[in-house]
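Enquirer: The following block contains a protein sequence and its predicted model.
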Amino acid sequence: MREQRRALSTLVVRLQRLSAVDDRGCLRYLQNAAVSELRRSLMLGKGYEGEDSTRGEIEGKYANYFQLGHNAFEFLLDFGQLYSDGKQERIHTRIVTSPPYAKELLKVLMESVEQYEQNFGPIKQNE
């Protein structure tokens, strides 16, 4: 943990130096990339379900189809794919979480979308 804090301090100093010379908006992109890399480094060594133990990576799956449900005790978030024929969706992952964590997920997702739009412009909605 001490090494990670030292890396964070070094990163902050470098970003401050960059902000003094950046006048084209590149700094925000670099800051976000650096923060993402730092988050990844902080997660090293943590085990996750679905992790490939030979490579130490989390399995990623594409999702363009979502279903949400809830009861008094939990939220269910289903992720899947809807193929171009549009006839059949395939759910590949279900996340079950408590209402407070569902609300935290909503907050984190909203912050991430806002940050994305600040960096890359508004997200166009498919109609």
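Expert: Received the coordinates, thanks.
Enquirer: mind listing the strands for this structure?
Expert: Secondary structure of the chain, counting by DSSP state E: strands at 65-70, 75-82, 89-97.
Enquirer: Could you point out which of the ones you listed sits nearest Glu57?
Expert: Closest of the strands of the chain to Glu57 is strand 89-97, at 16.2 Å (criterion: Cβ to Cβ). Any C-beta I mention is one placed from the backbone N, CA and C, and that applies to glycine too.
Enquirer: Within the sheet, what are the partner strands of that closest one, with directions?
Expert: Sheet partners assigned to strand 89-97 using DSSP bridges are listed as strand 75-82 (antiparallel).
Enquirer: what mean pLDDT would you report for the strand it pairs with?
Expert: Taken as a whole, strand 75-82 has an average pLDDT of 96.
Enquirer: Return the set of buried residues in it.
Expert: The neighbour-count check on strand 75-82 (16 or more other Cβ atoms under 10 Å) flags Phe75, Leu77, Asp78, Phe79, Gly80 as buried.
Enquirer: Output those as TSV; include the columns distance to Ser112.
Expert: Below are these laid out as TSV (distance: Cβ to Cβ, whole Å):
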residue	distance to Ser112
Phe75	18
Leu77	16
Asp78	20
Phe79	16
Gly80	21
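Enquirer: Before I go, just wanted to say thanks for your time.
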